[in-house]
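Peer 1: Sequence first, predicted model second:
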Amino acid sequence: MGMDVNPASEASEKEYMAPPVVRPEHEEDSLTRLLEQQTAKVPSHVFLFASFCAMGVSLSLELGRRERAARFIGLWVTPLLVMGVYNKLVKTLGPR
């Protein structure tokens, strides 16, 4: 199985040319671009694996009668999956 190729990893080493923005209030700052370039280096399956781990830990805590901790860990699943989708979008569409 080959390595996950990230098209944004090479882009972060080059100088970034921002696309033209029609309205100034939609312009992103350099911190946002930097974060997108760095998070695009993380493979997408890491977020999926982390969400499955959170589900498993939550289930084991629930079976161990630690309901409060189980629900706290269970709340992590959705944000992890959303971060994975965002990561995939940044990889596919590139920083905008």
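Peer 2: Great, that's in hand.
Peer 1: Spatially nearest residue to residue 69 (excluding sequence neighbours)?
Peer 2: residue 61 (4.9 Å; C-beta to C-beta, 6 or more residues apart in numbering). C-beta: built from backbone N, CA, C; applies to glycine.
Peer 1: For residue 71, give me its contacts.
Peer 2: residue 58 (C-beta atoms under 8 Å, 6 or more residues apart in numbering).
Peer 1: From residue 58, how far out is it?
Peer 2: 7 Å (C-beta to C-beta, to the nearest Å).
Peer 1: so where do the helices sit in the protein?
Peer 2: 7-11, 30-39, 44-63, 67-74, 77-93 (DSSP state H).
Peer 1: List of residues touching the longest one?
Peer 2: In this case it means helix 44-63. Here helix 44-63 makes contact (C-beta under 8 Å, 6+ apart) with 4, 67, 69-71, 73-74, 76-77, 80-81, 83-84, 87-88, 91.
Peer 1: hmm, 6 Å instead?
Peer 2: Helix 44-63 is contacted by residues 69, 70, 73, 74, 76, 77, 80, 81, 83, 84, 87, 88 when judged by C-beta atoms under 6 Å, 6 or more residues apart in numbering.
Peer 1: biggest separation within these, which pair?
Peer 2: 69 and 88 (30.0 Å; C-beta to C-beta).
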